[in-house]
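Peer 1: below: sequence and its predicted model.
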Amino acid sequence: MSDDVLLRFLSNGLIDVGGDDVKLEKLRAAAGDLFAAIKKAPAKAASFALVAFDPQAPADDPVVREGLDALKQRWATYVNTFSGPPVAVVRAMLLDALAQAAAEDDRIGVAFVTSARNALPFMQVGDEQAIWADVVAQIEEKVDARAEAEWATPSSIAVQAMTFDVPALDAPTISTARANRDTLKKKFYLAAGPQYHNPQQGNIATGGNPHWPQNSPTQWVTEFGDRMAEAVADVIDGVAGKTSIEQADLSEPFRALANSVSTYVDTTLNSVSGATAGLQRRTNLLWWKEARFSPSARLSYRDLPPAAAAALMAYDLHQQVPTFSPASVAAFLFEAVVGLPAMDQEKTFAIRELVEQAQEHSDLAPLRAAGANLVASPQGRGPVMALIAHADASASRTEADFQRLTGIPADAPITLPRWATWVFREMQAARATYDGMGAKRRGRKG
């Protein structure tokens, strides 16, 4: 996409290097240096874009000077080719650099596209329109595809089956005792009769059953049964009392099973949550739109002047959605503002007038605070949000500098629904490049 940007400017007669391919390569090299500058500091994307958009960009703008410095590094004698500062050449290089950066980093793509959607309608791009239209469309298609994927809700959710490695368990250890046979024999002798015969000692009195079965069979049976029962029971109790079973330790296997089940449930819930995040987000936004209540100011939008309500709605929506949001989200905001009571969607205001109110209204303090964390104080060309967020800066209050700092005429007419989408887009762009810079810093730390 970016490879033919400079060629298209040349082909349309918008810049002229006299048909010298060597000079074209110098322009490409300078554009490559600007591309590297954006990669290093993504927050430059918006200011680069706002200069690249504007055929009336002043030659003393910091971005133009940066572009001229890059050109000089690659082409020291460029001043001999052009009659004055080649702002058009710088703008072509900026567009080339932005196109390259946006193709590589979607966050820069967000900043580029949102800046284009706000500012281009107010720019007199003339013969450049076709080039801009193609570049913006291609980058927007790429960024929007990612956003749509992140907001999508699948028709079904696939969850993998749980896996668990069953550990090998040791068999129980059983310890048993043996009956004392000599003791058992003596007890049996006691039960059997008055005496027994020992080969070495002869007949020995048992001191047990006094009856012989042939003499007193009934008494003998009773005595024998009682004594045998006692003898056998004593032996069984003795052996059983000394038998022990040592069970295998199941604590680790059960702990492993519990951890596997917990991990599986967490993974499953995360899968469901991730798959339904888009649906939940849309549901929350519908609730917010219908409630018309500001979560940041803790009041109804009905209680604010329409212009302040529109800007606050832009901020509140920005707080509720991720950096990558479909283009339809800005359209959703437009309709939400249109739905405010007594809203005249056709009435226009000078953009400078809306900026002044955003600089001063007490209930827009959260908007200003958030903007101050995302965008730098205005020095050269930059977003309107820089003026709102840094209202104390001298340049922010100077009406004569408004167009110099934003590229937009101070009296440019804009409706309140359009103003809300403007503020929302700029905040999305600022957060995208701010997050991108934060990711780079974290990467260097790691």
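Peer 2: Thanks, I have it.
Peer 1: show the pLDDT at Glu128.
Peer 2: Looking at Glu128, its pLDDT stands at 75.
Peer 1: ignore what I typed, I meant Ile157.
Peer 2: Ile157 is assigned a pLDDT of 63 by the prediction.
Peer 1: which SSE is the nearest residue to Pro295 once chain neighbours are set aside in?
Peer 2: Nearest residue to Pro295, sequence neighbours excluded (CB to CB, 6 or more residues apart in numbering): Asp316, at 6.0 Å. C-betas here are computed from N, CA, C, even on glycine. Taking DSSP states H and E as the criterion, Asp316 maps to helix 306-320.
Peer 1: which parts of the stretch 51-200 of the chain are helices?
Peer 2: 62-74, 87-104, 106-119, 129-151, 181-192 (DSSP state H, counting those that start in this stretch).
Peer 1: picking up where we left off before, buried residues, the helix holding Asp316. List them.
Peer 2: Across helix 306-320, burial judged by 16 or more other CB atoms under 10 Å covers 306-318.
Peer 1: tally up the residues packed near Val221, please.
Peer 2: Neighbourhood size, Val221 [other CB atoms under 10 Å]: 12.
Peer 1: show me the contacts for the spatially most central residue of the chain.
Peer 2: The residue lying closest to the centre of the chain (CA atoms, centre = their mean) is Pro322, at 8.0 Å. By CB atoms under 8 Å, 6 or more residues apart in numbering, Pro322 lies in contact with Glu150.
Peer 1: local confidence estimate at it?
Peer 2: 91.
Peer 1: how close does it sit to Ala336?
Peer 2: Distance, Pro322 to Ala336, by CB to CB, to the nearest Å: 18 Å.
Peer 1: likewise for Glu140?
Peer 2: Separation of Glu140 from Ala336 (CB to CB) stands at 22 Å.
Peer 1: what's the answer for Gln428, then?
Peer 2: Taking CB to CB, one finds Gln428 at 16 Å from Ala336.
Peer 1: so who does Val63 touch?
Peer 2: 44, 47-48, 50-51, 57, 94, 380-381.
Peer 1: which residues in the stretch 251-400 of the chain form strands?
Peer 2: All strands of the stretch 251-400 of the chain, identified by DSSP state E, counting those that start in this stretch, fall at 293-294, 299-300, 348-350.
Peer 1: isn't Gly193 up against Gly207?
Peer 2: No: at 11.0 Å, Gly193 and Gly207 do not qualify as touching, with contact defined as CB atoms under 8 Å.
Peer 1: circling back to that earlier point, helices or strands up against the helix holding Asp316?
Peer 2: helix 251-291, strand 293-294, helix 327-338, helix 351-360, helix 365-374, helix 416-445 (3 or more CB pairs under 8 Å, 6 or more residues apart in numbering; DSSP states H and E).
Peer 1: between these, which one is closest to Phe35.
Peer 2: Phe35 lies closest to helix 416-445 among the helices and strands packed on helix 306-320, at 14.2 Å (CB to CB).
Peer 1: so the chain: which segments form each domain?
Peer 2: 2-151, 173-246, 292-445 (automatic domain parsing).
Peer 1: rebuild these as CSV, extending it with distance to Ser260.
Peer 2: Converted to CSV, these look like this (distance: least, CB to CB, whole Å):
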stretch, distance to Ser260
domain 2-151, 30
domain 173-246, 27
domain 292-445, 32
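Peer 1: more neighbours, Glu140 and Ala336?
Peer 2: Of the pair Glu140 and Ala336, Ala336 is the one with more neighbours under other CB under 10 Å, namely 23 against 19.
Peer 1: what about the more buried one, distance to Glu290?
Peer 2: Ala336 is 9 Å from Glu290, where distance means CB to CB.
Peer 1: low-confidence bits of the stretch 201-350 of the chain, can you list those?
Peer 2: Low-confidence segments of the stretch 201-350 of the chain, defined by pLDDT under 70: 248, 250, 264, 267-278.
Peer 1: if you set the cut-off to 80 instead, what comes out?
Peer 2: 206, 208-209, 221, 223-225, 229, 231, 234, 237-280 (pLDDT under 80).
Peer 1: what's the farthest-apart pair in the contacts of Val63?
Peer 2: Across the contacts of Val63, no pair lies farther apart than Lys44 and Ala57, at 14.8 Å, counting by CB to CB.
Peer 1: residue contacts, the most far-flung residue of the chain relative to its centre?
Peer 2: Ranking residues of the chain by C-alpha distance from their mean position (CA atoms, centre = their mean) puts Asn215 at the top, at 100.8 Å. Listed by CB under 8 Å, 6+ apart, Asn215 has no contact partners.
Peer 1: returning to that earlier point: check the domains of the chain for me: which has the lowest mean pLDDT.
Peer 2: Among the domains of the chain, domain 173-246 carries the lowest mean pLDDT (a mean of 79).
Peer 1: tell me how far the ends of it are from each other?
Peer 2: 5 Å (CA to CA, to the nearest Å).
Peer 1: use 100 as the first number for this chain going forward.
Peer 2: Understood, numbering begins at 100; the last thing we discussed is domain 272-345.
Peer 1: now it, how far from the chain's geometric center?
Peer 2: Centroid separation for domain 272-345 versus its chain: 82 Å, with CA atoms, centre = their mean, to the nearest Å.
Peer 1: neighbours of Gly118, how many?
Peer 2: Around Gly118 there are 8 residues (other CB under 10 Å).
Peer 1: ugh, wrong one, I meant Arg216
Peer 2: Arg216 has 17 neighbours, counted by other CB under 10 Å.
Peer 1: how much space between it and Pro516?
Peer 2: 14 Å.
Peer 1: for Ala187, same thing?
Peer 2: 34 Å.
Peer 1: please apply the same query to Arg190.
Peer 2: With CB to CB as the criterion, Arg190 and Pro516 are 30 Å apart.
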